[in-house]
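S.K.: next input, structure requested:
(2 chains)
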Amino acid sequence: MDWLRQFFQRLHTFLRGAQMDRELEAEMLAHLQFATEENLQRGMSPSEARRQALIQFGGTQHSKEQHREARSLPFLDSFLQDVRFGLRMLWRSPGFSLLAIFCLTLGIGASAAVYSWMEGLLFRPYPAVAHQERLLAVTGTSRGESGATGVSWPDFLDLQKNGTLFDSFFVSKIMGTTLSIGDRAERAIGSIVSANYFDALGVHPILGRTFEPGEDVGRGAHPVTVISYQLWKGRFNGDPFIVGKTQRLNGVIHSIIGVAPEGFYGTFVGWAMQFWVSASMEDTFEAGGYKLEDRGARWIEAYVRLRPGVTRDQAQQEVSAIAKRLESDYPATNRGRGIKLWPLWQTPFNNAGTLLPTLGLMLAVVTFVLLIACANVGNLLLVRSFGRRHEMSVRVAIGAARGRLLSQLLTEGLILATFAAVGGLAVAHWCRRLLVLLLPARGGITMHLPGELDWRVLSLSVAVCLGSILLFALVPAIHASKIDTAAVLKSETAAVLGGGGKSWLRASLVLVQVSLSFVLLVGAGLLMLSLQRIRSASPGFSTQNVLVTGIDLVGPGYDVKRARIFQGELINRVQALPGVESVAFARTTPLGYGTFSSAPVAVDGYVPPPDEKPAVEYNQVGPGYFSTLGIPLIAGREFTLADNETSALVAVVNETMAEKYWRGRNPIGQRVQVKDQWLQIVGIAKTSKYESVRELPQPFFYVPLRQNPAINAALNLRSRLGPEKMAAALAREVHSIDAGLAPYEVITLQEQLERSTSPQRVAVTLTGILGGLALFLAAIGLYGVMAYSVSQSTRELGLRMALGARPSELFRLVMSRGLALTAAGIVLGVLLALASARLLGYLFYQVSPRDPLVFGSAFLVLTIVSLVACFLPAWRAMRVDPIVALRYE
Amino acid sequence: MSHSKLDLLQGTLDLMVLQTLAAMGSMHGYGIARRIEQVSGDAVLLNQGTIYASLVRLQQRGWITAEWGTSSNNRRAKFYSITKRGRKQLSEDAAYWQRLSGVMGRVLALQEGAGED
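M.R.: Take a look at the predicted model:
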């Protein structure tokens, strides 16, 4: 450990160098006085005594240097020297420095922004919660199916009771309601949670309390709620005496028992929860009755906090063992059911799962951009190091160690990177909330998609920064260490255009840039084309002139009967509004956020293959639904007012279902069994898109809303009026029936379709921005290389001109060199793009990853950009004055 | 070469300083330098100033300590004294030097013998 002790000693003395110098000075002064006195005693004259003392001492300055060297850290000293020198060099060529810092800032900023999104949304999405690394998401599984299901409450209790590797299991199930405070009724989202929710997360209320053990037991026994900080501030005006007051939620009076702290948004990644209720109130907020005693009802979304030191594998093993036991104990409900633990970033039931592939794509894209930026700065440094060859060779010639030169160049890189890192983090900070802008809000939901710039993101960014320094500063540094002093000092202007020993290095850096930007352009192009195809694709219903909205009736406490009366009355009133052509209710709208129900079906004469349990999705729709949405009927009729609760049960199937189950026979007049009832088919509708524009044609059927009532239903309107005008009129009509109701926002079906493409849109926007950035950086790189080769081969150009070359030939010469580089880069880019484009497959819609149009456009764009980048250098080459050029040096 | 003073080998000055401090107790820089010159019979070429680099080096290794004090003729000076670790180091280094000079002596004697042949 001696070296360590010495290091700290030296660091210490290094840091207090000035004081050490003063002390040494005092010591030396004393020394000379001692010596002088002794000499005086020997009988010398005062001046001679002093002179001899100085001679014996042997040079005060030299001693000081020796002292400094002995006590201090030479590498730190020389580093500071390098920094000072580097800053001076960078200051002397501000254009170069700014360009390099700018490129790097963009590269590092884009990467840090994506890291911060990944951190804030995937890895540590709950900033208010400690030890998130020990949190896992819990879902159910069904044997033979890949997706995730909910977990039933009794199963959850068994997990809680029997798990030994866990600090806690806790539940959070998202739900929505209409919140009526004062005269304002608004949609709000909240969570149904287990009583241990806040304790398990370690979140403490700023007012009041959270749930107590046992408050999640007993049907409807604990109507209490914890509200969010935002709700408290926004809707309750920060009332300091809020605790103990009551609020009606879904028709039930709840006492407000506490306020969650600022910065806690619940555990549903992407959305900000506004209130929490205990699981005992489940059937107040969830459709389908009281499910806390039903082992077959898998509805909850759960999390688990592992004990310290327990791995996910160990935890999964124990959970699987418990699930196995439950399977044998309760075969009726649990056969084939398992339980799975997921890392938070793969959580299947919130926006983490939705954003994961997009963020993964972004990570790849920003890595490309960063590489391009590094190649660019490497190139700039390289070009400059050629310009500084003379300086370097002189330094080598007068005895500078090559290691010192290397460290000088690395230090310059470090300075550039430091500036860029600061700038980049500023960019990332500024981009933190960018995702919210790209993902549209849905009515009543507060989006919360923050980036998180914590120490992990910072250190990763710094690591990336250091890595990039090595990438870009080492190239010229290695180069410099190979300088042949004699050759350089002898002559240094004999460069030949495109020739010259080391130009391959610059050329290959440009090659990398061109090919990577080509890949990004292709990616952005494919995504754009895909989005455009989605937008222009016909979903099978009209999207223009059809408006959709909804009115929450469950929240205000409507039952089926009241809901039916309300719906009938509203239809009558809206139909009478000017500009409304037709109007119909439906339980769910296509391409919306809600999902369709699915029901097992049986058809006379259709024998399913042994491994198939025929189940088909369906929608409950009112009279006039098909004409309102513009879904063509191929045969038969649509539902009318006469298809009500007293008449025969009927259904309309789509073309795909007709083909699959009746195989060419006409299904009209035939029967289909849905659950336990037989329905008669009265019509065939054209197949349209239901859940996603990108889905394949799938079987689907419709049943009358009156025969299968739904309390909450979407209102579809065909009207020439825009959504704004309609919204006002609609709100008036709704309020005149019941002032406590709040219609959702009114949007066109086109808007609904657009919203369903938000992952594509995010991807297109971000790859578009980053692709443009990459192109810009590559253009700078190409320009830099061409401009430099022209400036270095002035003599050759002059000679050519003197020998009779025409300016236009020189122009063409330079242009062709530049374009050759581009062409080679594009060839490489095509190969890379062909190999990697299919990774984007999940975002594509009717687009081949080798779409010739996209590849062609990318080629065209790159060619134009490189023409522009080469033009100026070529123009300069043309204007070389042969006399000046030949005299030059 | 016999008429000029001896150049100091790397590391020998440190050893001399340690030995001086071990023998004489606490001393200031000038005193150490003079003492070395006297003991060597002025045979060593010593720029007295170089002693300070040696002193700071030894100090950083923890072999000697320093303290400001007042000399016999009432001048402020920095006084150095050897530490326990310094004594240990001294005994090791002294043994090493003795072995080395013994070996050198034998090797050089061998060469002279060979020359007479």
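S.K.: going by C-alpha atoms from here, please, whenever you check contacts or count neighbours.
M.R.: Noted.
S.K.: okay, stretch A:853-867 in PDB with CA atoms only?
M.R.: Coordinates of each C-alpha in stretch A:853-867 appear next as PDB, following Å, rounded to 0.1, in the frame of the first residue of the first chain:
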ATOM      1  CA  LEU A 853     -39.200   3.100 -53.700                       C
ATOM      2  CA  VAL A 854     -37.700   3.700 -50.200                       C
ATOM      3  CA  PHE A 855     -34.300   2.400 -51.100                       C
ATOM      4  CA  GLY A 856     -34.400   4.600 -54.300                       C
ATOM      5  CA  SER A 857     -35.400   7.700 -52.400                       C
ATOM      6  CA  ALA A 858     -32.700   7.200 -49.800                       C
ATOM      7  CA  PHE A 859     -30.200   6.800 -52.600                       C
ATOM      8  CA  LEU A 860     -31.400  10.000 -54.200                       C
ATOM      9  CA  VAL A 861     -31.400  12.000 -51.000                       C
ATOM     10  CA  LEU A 862     -27.900  10.900 -50.100                       C
ATOM     11  CA  THR A 863     -26.600  11.500 -53.600                       C
ATOM     12  CA  ILE A 864     -28.100  15.000 -53.700                       C
ATOM     13  CA  VAL A 865     -26.700  15.800 -50.200                       C
ATOM     14  CA  SER A 866     -23.200  14.600 -51.200                       C
ATOM     15  CA  LEU A 867     -23.400  16.600 -54.400                       C
END
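S.K.: now do it: everything it contacts.
M.R.: Contact partners of stretch A:853-867, identified using Cα atoms under 8 Å, 6 or more residues apart in numbering or on different chains, comprise A:514, A:518, A:521-522, A:525-526, A:529, A:775, A:779, A:782-783, A:815, A:818-819, A:822, A:826, A:830.
S.K.: in helices only, show me those.
M.R.: Those of the contacts of stretch A:853-867 mapping onto helices are A:514, A:518, A:521-522, A:525-526, A:529, A:775, A:779, A:782-783, A:815, A:818-819, A:822, A:826, A:830, per DSSP state H.
S.K.: for the top helix by length along chain B, which helices and strands make contact with it?
M.R.: Identified as the longest helix of chain B according to DSSP H is helix B:84-116. Under the contact definition 3 or more Cα pairs under 8 Å, 6 or more residues apart in numbering or on different chains; DSSP states H and E, helix B:84-116 sits against helix B:12-24.
S.K.: please see if the helix it packs on touches chain A.
M.R.: No. On the criterion Cα under 8 Å from any Cα of the partner chain, helix B:12-24 is out of touch with chain A, staying 12.1 Å away.
S.K.: what residues does the next helix or strand after that helix touch?
M.R.: Counting by DSSP states H and E, the next helix or strand C-terminal to helix B:12-24 is strand B:27-28. Outside of strand B:27-28, the residues within contact range by Cα under 8 Å, 6+ apart are B:L21, B:A77, B:K78, B:F79, B:Y80, B:S81.
S.K.: quick one: strands adjacent to strand B:27-28?
M.R.: Using DSSP bridges, the strands paired with strand B:27-28 are strand B:76-82 (antiparallel).
S.K.: quick one: the strand it pairs with to helix B:84-116, angle?
M.R.: Computed by axes from the mean of the first three to the mean of the last three Cα atoms, to 10 degrees, the angle separating strand B:76-82 from helix B:84-116 equals 70 degrees.
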